[in-house]
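>>> Test case, fold it:
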Amino acid sequence: MNRTDLVDLCAYVGSQIPHWVQGAGGNISVKDSSHLFIKASGIRLSSVSEEYGIAEVDLKIFNDGFKDLPASPDKEKSYSDLISKASLKSKFRPSMETGFHAILPGRWIVCSGVPGRVE
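Predicted structure coming up:
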């Protein structure tokens, strides 16, 4: 996985405020065979760099734990704990949308949070 490609895509999509993104700018992730690299929680897309704002998740740990969530009595806490457990080598917390990004089949996932039309 080339972190530079992820950083470049974050910068491009993040620069499209308010046309493509709102708030912190949505999320972008890329997967390789064993890891998910995702914009960290609370970080603006336009602020991501090679050293700032990318969280790394072990997909095997996450996917194995995700299967057990339906049986949990406190699904929200269990999901949050799972994200923490699967997080690797990073001072940044993965987005709460990590599960969505992990289960989708694509290698690259772009979720821009496009604002709806208000009348």
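
>>> Quick one: residues contacting the residue sitting nearest the centre point of the chain.
The centre of the chain sits closest to residue 38, judged by C-alpha atoms, centre = their mean, with a distance of 3.5 Å. Residues near residue 38 by C-beta atoms under 8 Å, 6 or more residues apart in numbering: 27-29, 54-55, 57, 94-95, 97-98, 101. C-beta coordinates here come from the backbone N, C-alpha and C atoms, glycine included.

>>> so where do the strands sit in the chain?
27-31, 35-39, 54-58, 87-88, 108-111 (DSSP state E).

>>> Report the buried members of the contacts of residue 38.
The neighbour count (16 or more other C-beta atoms under 10 Å) marks 27-29, 54-55, 57, 94-95, 97-98, 101 as buried among the contacts of residue 38.

>>> okay, those residues in JSON lines with distance to residue 6 next?
Formatted as JSON lines, those follow (distance: C-beta to C-beta, whole Å):
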{"residue": "27", "distance to residue 6": "11"}
{"residue": "28", "distance to residue 6": "7"}
{"residue": "29", "distance to residue 6": "8"}
{"residue": "54", "distance to residue 6": "7"}
{"residue": "55", "distance to residue 6": "11"}
{"residue": "57", "distance to residue 6": "13"}
{"residue": "94", "distance to residue 6": "13"}
{"residue": "95", "distance to residue 6": "13"}
{"residue": "97", "distance to residue 6": "15"}
{"residue": "98", "distance to residue 6": "15"}
{"residue": "101", "distance to residue 6": "12"}
